[in-house]
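Peer 1: model the following, please.
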Amino acid sequence: MECKAHEEWERCVVHRDIKPSNVTLDSSFSVKLGDFGLAKLMDHDEIEPQTTVVARTLGYLAPEYASTGKARKESDVYSFGVVA
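Peer 2: Numbers count the residues shown, from 1 in each chain. As a prediction, this is how the structure comes out:
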């Protein structure tokens, strides 16, 4: 079975809470994200509607997400960069 790159799918998962305790490695040392409690399936260009309470781990949030309450896939990239 061939694995598609994230951008090749019609929709993407925005995890919204990437932090060290949600990142694991498999036996080949490939990164796997866990804890999908706050994850949301979204279109690639979609922005999550503004939320009234940002219930995520603040130290790993992208600045624009923390200030606006709107999540995008780029917010996850920022969070993963902080973890790395």
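Peer 1: quick one: low-confidence parts of the protein?
Peer 2: Within the chain, the ranges that satisfy pLDDT under 70 run 1-9, 49-55.
Peer 1: which residue ranges form the helices in it?
Peer 2: Secondary structure of the chain (DSSP state H): helices located at 63-68, 73-83.
Peer 1: ok, which of the ones you listed comes nearest residue 24?
Peer 2: Counting by Cβ to Cβ, residue 24 lies closest to helix 73-83 out of the helices of the chain; the figure is 11.7 Å. Where you see a C-beta, it was placed from the backbone N, CA and C, and this is true even at glycine.
Peer 1: mind listing what's buried along the closest one?
Peer 2: Within helix 73-83, the residues that qualify as buried are 73, 75, 76, 78, 79, 80, counting by 16 or more other Cβ atoms under 10 Å.
Peer 1: want to try TSV for those residues, with distance to residue 34 as columns?
Peer 2: Output for the buried residues of helix 73-83, formatted as TSV (distance: Cβ to Cβ, whole Å):
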residue	distance to residue 34
73	18
75	18
76	14
78	19
79	14
80	13
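Peer 1: I figured residue 42 hits residue 16, correct?
Peer 2: No - contact status for residue 42 versus residue 16: not in contact, 10.2 Å apart, counting by Cβ atoms under 8 Å.
Peer 1: quick check: neighbours shared by the two?
Peer 2: Counting by Cβ atoms under 8 Å, 6 or more residues apart in numbering, the contacts common to residue 42 and residue 16 are residue 48.
Peer 1: just to revisit the earlier point, ok, so of the buried residues of helix 73-83, who is nearest residue 60?
Peer 2: Distance from residue 60 was checked for each of the buried residues of helix 73-83 by Cβ to Cβ. The minimum falls on residue 79, at 4.5 Å.
Peer 1: surely that closest one and residue 59 touch.
Peer 2: No - the criterion here is Cβ under 8 Å, and residue 79 misses it with residue 59 at 9.4 Å.
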